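Student: Fold the following for me, if possible:
(chains A, B, C and D)
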2 protein chains.
Amino acid sequence: MPVMPEQPTDRAALRRANLAWVIRVLREQGGLSRAQLAVLSGLSKATVSTLVAELTTRRLVRSGGVAAGGQGRPGQIVELDTDGARGIGLEVHLDHLAATSVDTAGNVVADRQVPFDVLSAGVERTIDKLAEVAGKELGDVVGAYPAGITVSVPGLVDTGRGVVRLAPRLRWREVPLADGLAGRLGFPLDRISVDNDANLAATAEFEAGGMRGTADLVYVTGDFGIGAGVIAGGRLVRGSIGYAGEVGHMSMDPMGPQCSCGRRGCWETQVGLAALFHALAAPGDPVSDPHRSIEERMSLIRTRAEQGDQRTLGALHQIGAALGVGVSIVVNLLSPAVVVLGGYFAALPDWLIEPARIEVAARAVVAEAAAVRVVGSELGFTAARTGGALAALSRVFEDPTQVPERSEKTEAPA
Amino acid sequence: MPVMPEQPTDRAALRRANLAWVIRVLREQGGLSRAQLAVLSGLSKATVSTLVAELTTRRLVRSGGVAAGGQGRPGQIVELDTDGARGIGLEVHLDHLAATSVDTAGNVVADRQVPFDVLSAGVERTIDKLAEVAGKELGDVVGAYPAGITVSVPGLVDTGRGVVRLAPRLRWREVPLADGLAGRLGFPLDRISVDNDANLAATAEFEAGGMRGTADLVYVTGDFGIGAGVIAGGRLVRGSIGYAGEVGHMSMDPMGPQCSCGRRGCWETQVGLAALFHALAAPGDPVSDPHRSIEERMSLIRTRAEQGDQRTLGALHQIGAALGVGVSIVVNLLSPAVVVLGGYFAALPDWLIEPARIEVAARAVVAEAAAVRVVGSELGFTAARTGGALAALSRVFEDPTQVPERSEKTEAPA
DNA sequence: GACCGTTCCATCACGGGCTGAACAAAGGGT
DNA sequence: ACCCTTTGTTCAGCCCGTGATGGAACGGTC
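Tutor: Predicted structure coming up:
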């Protein structure tokens, strides 16, 4: 039985939609006067005034001075009240836990990361520690409304129930993460969600950063595993069971090297971190030393590339080209405006991304499709948790009425 | 500047949304009483009654007898009035033009196909003939409201302007098809649209047929070229410039055969019709004879396969497996619930689809993803124009108020 | 067959939200 | 100073969904 795509609308929903519209347009266009909002929306000035008044009592917008220039009475600017609400993103990673808060303008206002060995701690103690980190982050949200918490996990997630179905790198299976956090934090379960790291990184690029508002965008994670987050038509593509974006095992070469999954020539064997280390370092080379941090090893590689080391440059070029071949498949299938390369790809942009661009351009079906932009992520390794924070905040933009009203008395009289 | 995703809502939009909801739910669930509609929608019975009354004056719903069983007063069934509106789908194909009309229940009520050589006729005379065919189809729409016309074209389309950007097989480039038809037919331009054949075939499978309502669905065309139509989350994925679905030139094997695009190992070289004919027939074999129709040649192949011809069976198995490898890439990226194989794939289902299924299942990242169903299209070669008709009709489901009101006097008194 | 309970549907006064016009407010131009 | 322009608020009005009420239709029961 197909699920009904949209709910029928009553008056409250009408109001919610219009409040949400005002928030969205202010977020995208910055401060505007009521009159400008009325023109943009097609609603009457009276309606806009009441909408702004209601949003003000919920501390989602505030007065932002007067508009300069022009003749006639200057408009009073309405802008986002960035102190009104916060979204919180948490991140579970193999070797650390992290938390990030964003305000309604999309600015990161707090970020903390603690080293943590998830494998040796096990599931329960990891959730304990994650709740502790989240609790501190919630403590930093002083006057603002904590809209929600979204946890980024490198694995397959049942977003409906907040359960991590399978995260091989964490050795997690069927972990009820949202429940665990809700219980430990005393935070409402329906405002806690869990999602895949690639999906959230794509969300971050879409909602904030340089690619903001790009409705068709693909984010590719670069780690030992390769994953993708797909945004099409301004919506995250999850697939029928929420497992979209599993591009690491695309078959790229039937004669290629053996993959951990048992098959040959998966994309991961060509462009994964293991492939990078294998291609540019002999055994014993510090670059291959698993005890060093990824950042440190990236820094070593960067130094060698800058010094013109031939083996390093050759390996990077080869991996960049293979990256481009895989990206071209995604591009031809989905025709995004931008492909954002994250993880280690973004750490070595000068040597990986240009070869990838060339390959993508050469494999575009038509010239226009070659106009796709292939860029490194500006958010770097914080993309996933930033995306989580933005995703948590987005519920406010969809339904501003869930934010509690405050006493209107916030300004001192003259 | 990002386009504002949704418009602000005024009261008329509220009404439209609720009218549209009633139509949609009746289309998916069949006839329902007002009371059932009220429970399903959460709206009051009073509101449902007024909605039904308004839809009745527009001849989109009608009374459908009384509900049997149960105690209390039996409900009066409200059902779609299938005579109220029609969607018209046109199809431009290399060797024929065709038209199809569907009623609001999704039934095909008229279908005509005329042989036509698009290449020798040229653009203008093709549009002339297409308008003639469309005019006859419009003539069959006697009392019903013709909601719109959508033309299926095997090529890249600017759906916003109704222009065929590039259709190599038709040798068309920058053809303003919607304008041409509107002028010749005297039909309102804003109700004529043009779309890619794979997109429309995917729409047809999504809106009608056995896969109806499957929100995540991929349709793969099987012809000389290979294309895909992608539906994700119940929405057609067009990509940033409308060129999504160009899967024919996915790089499957760096050492594979030369492709017409200049590269090696494109998927098309493995599973396109040319690959099929090459694999299972020597030169001079009637199966390779380009003067015979595709249907005739498929029939020959089917006969040989049924007789157990080893070369035929081997070739089909090999192509089916290559089909599965490509499909697995799409499945891992998008995680659809169903992949529908159309074109010639659907004409040889017993020999192509089973090997494809095996390959897809073997390449699924996790067991649940292997649950994807790989099926042949039931709509066969009419999928694209049926999808066009359904797409044209869908504007009525989105905004029922565009259908003109009629005099309420339709039933004879007792 | 009369009565009752149940369910369905239409009607109507009510209320919430948007609208359009009128009006006060705040600036620039002459 | 005066006028013009533009902004934002106020208010009566309208539209649409709501909840209550009551008639209608049917099964069950005595």
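Student: For DNA strand D, give me its nearest residue in chain A.
Tutor: Chain A approaches DNA strand D most closely through residue A:72 (1.8 Å), counting by Cβ to the nearest atom of the strand. Every residue, glycine included, has its C-beta placed from N, CA and C.
Student: Which pLDDT value goes with that residue?
Tutor: For residue A:72, the pLDDT comes out at 78.
Student: what kind of secondary structure is it in?
Tutor: Here residue A:72 is recorded as coil under DSSP: H, G, I helix; E, B strand; the rest coil.
Student: distance between stretch A:30-40 and the chain's centre?
Tutor: With Cα atoms, centre = their mean, to the nearest Å as the basis, stretch A:30-40 stands 29 Å off its chain's centre.
Student: What of stretch A:326-344?
Tutor: 16 Å.
Student: swap in stretch A:13-23?
Tutor: On Cα atoms, centre = their mean, the centre of stretch A:13-23 falls 24 Å from that of its chain.
Student: quick one: contacts of that stretch?
Tutor: Applying Cβ atoms under 8 Å, 6 or more residues apart in numbering or on different chains, the set of residues contacting stretch A:13-23 from outside is A:7, A:9, A:37, A:41, A:43, A:47-48, A:51-52, A:54-55, A:60-61, A:80, A:104, A:396-401, B:6-9, B:11, B:13-14.
Student: hmm, which of these are the buried ones?
Tutor: For the contacts of stretch A:13-23, a neighbour count by 16 or more other Cβ atoms under 10 Å in any protein chain shown gives the buried set as A:9, A:37, A:41, A:43, A:47-48, A:51-52, A:54-55, A:60-61, A:80, A:104, A:396-397, A:399-401, B:8-9, B:13-14.
Student: Report the entries of those that also contact DNA strand D.
Tutor: When Cβ under 7 Å from any atom of the strand is applied, the members of the buried ones among the contacts of stretch A:13-23 adjacent to DNA strand D are A:9, A:52, B:14.
Student: pLDDT wise, what is the last one at?
Tutor: Note on residue B:14: pLDDT of 86.
Student: does it count as helix, strand or coil?
Tutor: Going by three-state DSSP: residue B:14 is helix.
Student: quick one: low-confidence ranges for chain A?
Tutor: A:1-8, A:69, A:367, A:369-370, A:407-414 (pLDDT under 70).
Student: Return the residues of the stretch 51-200 of chain A in contact with chain B.
Tutor: Counting by Cβ under 8 Å from any Cβ of the partner chain, the stretch 51-200 of chain A comes close to chain B at A:156, A:165, A:166.
Student: Can you list which of the buried ones among the contacts of stretch A:13-23 are found in helices?
Tutor: Counted as lying in helices by DSSP state H, out of the buried ones among the contacts of stretch A:13-23, are A:37, A:41, A:47, A:48, A:51, A:52, A:54, A:55, A:396, A:397, B:13, B:14.
Student: Quick check: of those residues, which lies closest to DNA strand C?
Tutor: residue A:47 (3.7 Å).
Student: need the helices for the stretch 301-414 of chain A, in chain order.
Tutor: A:310-334, A:343-347, A:349-363, A:383-398 (DSSP state H, counting those that start in this stretch).
Student: Which strand residues bridge residue A:376?
Tutor: Legend: beta-bridge partners of residue A:376 under DSSP bridges are residue A:341.
Student: hang on, isn't it packed against residue A:350?
Tutor: No: counting by Cβ atoms under 8 Å, residue A:376 sits too far from residue A:350 to count as a contact (9.2 Å).
Student: So those two - more neighbours on which side?
Tutor: Comparing residue A:376 with residue A:350 by other Cβ atoms under 10 Å in any protein chain shown, the one with more neighbours is residue A:376, at 20 against 11.
Student: quick one: contacts for that one?
Tutor: A:340, A:341, A:342, A:345, A:346, A:349, A:353.
Student: hang on, the earlier thing: so which of the residues of the stretch 51-200 of chain A next to chain B sit within strands?
Tutor: Judged by DSSP state E, these include A:156, A:165, A:166 as members of strands.
Student: Closest to residue A:220 out of the residues you listed?
Tutor: Of all those, residue A:156 has the smallest distance to residue A:220: 17.2 Å, by Cβ to Cβ.
Student: How much space separates that closest one from residue B:363?
Tutor: Residue A:156 sits at a distance of 16 Å from residue B:363 (criterion: Cβ to Cβ, to the nearest Å).
Student: So these two - more neighbours on which side?
Tutor: residue A:156 (25 against 22).
Student: Surely that one and residue A:163 touch.
Tutor: No: with contact defined as Cβ under 8 Å, residue A:156 does not reach residue A:163; the gap is 9.9 Å.
Student: Run through the bridge partners of residue A:264.
Tutor: residue A:258.
Student: how about the helix or strand containing residue A:22: buried residues?
Tutor: In this assignment (DSSP states H and E), residue A:22 forms part of helix A:11-29. Neighbour-count burial for helix A:11-29, with 16+ other Cβ under 10 Å as criterion, is recorded at A:13-27.
Student: restrict those to contacts with DNA strand C.
Tutor: Among the buried residues of helix A:11-29, DNA strand C is touched by A:14, A:15, A:18 when using Cβ under 7 Å from any atom of the strand.
Student: what about residue A:73, neighbour count?
Tutor: Residue A:73: 10 surrounding residues under other Cβ under 10 Å.
Student: again, but for the one 3 residues further on
Tutor: As a burial measure, residue A:76 scores 15 neighbours (other Cβ under 10 Å).
Student: Residue A:68 versus that one, what's the distance?
Tutor: Distance of residue A:76 to residue A:68, computed by Cβ to Cβ: 12 Å.
Student: about what we covered before: so which of the ones next to DNA strand D among the buried ones among the contacts of stretch A:13-23 would you say is closest to residue B:228?
Tutor: Nearest to residue B:228, judged by Cβ to Cβ, of these is residue A:9 at 34.1 Å.
Student: Chain neighbours aside, what residue packs nearest to that closest one?
Tutor: residue B:17 (4.6 Å; Cβ to Cβ, 6 or more residues apart in numbering or on different chains).
Student: Wait, a strand at residue A:100?
Tutor: Yes: under three-state DSSP, residue A:100 falls within a strand.
Student: does it really touch residue A:88, like I thought?
Tutor: Yes: if you go by Cβ under 8 Å, residue A:100 and residue A:88 touch, sitting 7.3 Å apart.
Student: Give me the common contacts of the two.
Tutor: The contact sets of residue A:100 and residue A:88 overlap at A:137, A:388, A:389 (Cβ under 8 Å, 6+ apart).
Student: Pick out whichever of those residues sits closest to residue B:224.
Tutor: Residue B:224 lies nearest to residue A:388 out of these, by Cβ to Cβ, at 45.9 Å.
Student: OK, contacts around that closest one?
Tutor: For residue A:388, the contact set (Cβ under 8 Å, 6+ apart) comprises A:87-91, A:100, A:149-152, A:195, A:200, A:203.
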